[in-house]
Every structure is written in structure tokens, then in C-alpha cells.
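Asker: below are the sequence and a predicted model; questions follow.
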Amino acid sequence: MATSDTQALRREMVDICRRMNASGINQGTAGNLSVRIDGGFLITPSSLPYETMTPEDIVEMDFDGTYVGRRPSSEWRFHRDILRKRDDVNVVLHCHSVYATTLACHYKRIPAFHYMVGVAGGNDIRCAAYATFGTQALSDNALAALEGRLACLLGQHGQISLGKTLEAALWLAIEVETLSRLYVQALTLGDPPILPDDEMERVIAQMRRMSYGLPPEADGVNDVARPRAGSAC
Ligand code: 13P
């Protein structure tokens with residue numbers, strides 16, 4: 001795909017990277033972001049501060065690992081493998097958010113201590129086994145932890161959040177960090193009770209029915225509230 005065709009997407013990626021750091025879920029040159037395009041994906045370059053990153057710095061990669069432009073993120077393998085295997089998502093966001101990484105340093109998964117855990121697609125958010133950053137082993141571990149999920153923690157490393165869109169992936173990463181913070185705080189009072197699997201099934205079905213967490217203009221109905229005739233949307 002020609003660079004000019006991806007210009008708007010490149011600009012949006014730079015914006016999301018800056019918002020990732022401004023939101024407090026990442027700092028410095030940690031973290032990386034990718035988006036699916038025809039025949040491959042766009043990915044952030046390695047070790048370039050987001051404040052100085054321009055749309056032209058974004059790297060274009062094929063699924064065979066060849067690329068055009070700067071040196072791609074050291075984590076291009078897990079970005080490639082997730083985008084290749086998961087056709088339900090188009091965006092992979094990785095960051096070192098403090099509370100999610102705190103749990104990941106203890107290899108703690110996030111159980112259903114709060115119903116919002118369901119936004120990641122199941123009754124927990126798993127923690128992947130450790131492997132050196134940038135390796136195929138880390139990619140394999142991440143894919144296993146993401147089975148049936150939209151997010152996972154990475155042991156002694158950070159978190160990965162997925163989405164259909166850049167906005168959705170950023171929203172989920174912030175949500176995973178908020179849940180991690182709540183869970184760390186809840187643990188200070190003892191082990192919190194965990195919602196049973198059948199309740200989490202109801203929660204996830206309800207989230208799907210209501211397009212929970214998606215912007216209001218997204219498809220989906222709320223089966224209780226209905227727009228009044230003649231209202232704006
Ligand atoms: P890159 O700058 O190479 O993307 O690495 C950052 C990182 O978080 C590695 O896991």
C-alpha cells in the first residue's frame with residue numbers, strides 16, 4: 001500500500017501514542033502500537049519518543065517480516081502474529097502501565113473481582129509467561145494468554161490490549177489499567193470475592209447486547225432505553 005494511502009491512519013497512530021503517554025498508562029519510549037492495512041500492518045518505530053514522532057516515522061510491514069522505513073518496534077513479532085491470527089481485531093496496543101505491570105510482576109491474572117473484567121471478553125484477564133522482549137517466545141506466550149480475550153498481562157513486562165479500532169484499543173488499555181489498580185487496592189483488604197462464571201456469562205452477554213464500551217454511534221441496541229421519535233440519534 002502506498003504511503004500516501006495510509007497518511008490519515010499514520011496521523012491517528014501518532015495521536016493515540018501521545019494520548020497513551022498523556023493518559024498516564026505509559027511513559028518514555030516504552031510501548032508500541034500497530035494497525036492492520038491491506039496485505040500487512042503499520043507499526044511504531046523502535047525507541048523513538050512519541051513527542052517527536054511524525055506520521056512519516058511509522059513503519060509499514062508485511063506479514064513476512066519485511067518492512068519499509070525506520071527500524072520497527074522490537075515487538076513486531078507479537079504485533080504480526082496477533083494481527084495474523086486474530087481476524088476479530090485490527091489494532092494491537094502494548095504499554096507498561098504501572099498497576100497492570102505490578103500484577104504482571106507477580107504473575108497474577110485479574111479474576112472476575114469486578115464485572116468490568118468482562119470487557120476483555122471473558123471471566124479473567126490472564127498473565128502470559130515471561131520471555132525476553134522482542135522474541136518469538138514472547139509472541140507465542142502472548143498469543144496463548146490472549147486466547148478468547150481482548151487483553152492480557154505480560155509477566156514481568158506490561159500489558160497488551162486489542163481492538164477493532166485505535167480508539168477501542170486505547171480505551172481498553174486504560175480500562176485494564178483501572179481494573180489493575182482497583183484489584184491491587186482490593187487485595188490490600190484481603191482476597192476479594194470473585195463473581196461466579198454464570199454471572200460473568202450474563203455480564204458479557206449484556207455487554208454485547210448494549211455495545212458496552214463502544215462509542216454511542218456504534219451499532220447495537222440497548223434493550224431497555226429507546227431513542228424517542230424525532231430525537232437526534
Ligand atoms: P520498542 O521501542 O522497540 O517498541 O520497545 C518498547 C517496548 O515496550 C518493548 O517491549
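Answerer: Okay, I see it.
Asker: isn't Thr161 up against Thr178?
Answerer: Wrong residue type there; residue 161 is Ser, not Thr. No: using Cβ atoms under 8 Å, Ser161 is not in contact with Thr178, being 11.9 Å away. Just so you know, the C-beta spots here come from the backbone N, C-alpha and C atoms, and that holds for glycine as well.
Asker: neighbour count for the two, which is higher?
Answerer: Set Ser161 next to Thr178 and count neighbours by other Cβ atoms under 10 Å: Ser161 wins out with 31 against 16.
Asker: quick check: that one is in a strand.
Answerer: Yes: counting by DSSP: H, G, I helix; E, B strand; the rest coil, one finds Ser161 located in a strand.
Asker: so which elements touch the helix ranked longest in the chain?
Answerer: Ranked by number of residues, the top helix in the chain under DSSP state H is helix 166-187. Taking 3 or more Cβ pairs under 8 Å, 6 or more residues apart in numbering; DSSP states H and E as contact, the helices and strands that helix 166-187 lies on are helix 7-22, strand 32-37, strand 91-95, helix 98-105, strand 110-111, strand 151-154, strand 158-163.
Asker: tell me if it is near the ligand.
Answerer: No: counting by Cβ under 6 Å from any ligand atom, the ligand is not contacted by helix 166-187; separation bottoms out at 12.8 Å.
Asker: tell me which helix or strand comes right after that helix.
Answerer: helix 197-210 (DSSP states H and E).
Asker: check the residue nearest the centre of the chain and give its pLDDT.
Answerer: Nearest residue to the geometric centre of the chain (Cα atoms, centre = their mean): Ser161, 1.4 Å. Among the per-residue scores, Ser161 holds a pLDDT of 98.
Asker: which residues does it contact?
Answerer: Residues near Ser161 by Cβ atoms under 8 Å, 6 or more residues apart in numbering: 93, 150-151, 169-170, 172-173, 176.
Asker: these two touch, right, Arg181 and Tyr99?
Answerer: Yes: counting by Cβ under 8 Å, Arg181 does reach Tyr99; the two are 4.0 Å apart.
Asker: have a look at the two and say which one is more surrounded.
Answerer: Ranked by neighbour count (other Cβ under 10 Å), Arg181 and Tyr99 place Tyr99 first, with 19 against 16.
Asker: quick check, that one in contact with Glu177.
Answerer: Yes: under the criterion of Cβ under 8 Å, Tyr99 makes contact with Glu177 at 5.7 Å.
Asker: my read: Asp81 touches Ala144, true?
Answerer: No: assessed by Cβ under 8 Å, Asp81 is found out of contact with Ala144, at 10.9 Å.
Asker: more neighbours, those two?
Answerer: Set Asp81 next to Ala144 and count neighbours by other Cβ under 10 Å: Asp81 wins out with 18 against 12.
Asker: need the contact list for the residue nearest to the more buried one when sequence neighbours are not counted.
Answerer: Leaving aside its sequence neighbours, Asp81 sits nearest to Ser139 (Cβ to Cβ, 6 or more residues apart in numbering; 4.7 Å). The neighbours of Ser139, taking Cβ under 8 Å, 6+ apart as the test, are 77-78, 80-82.
Asker: that's all I had, so thanks and see you.
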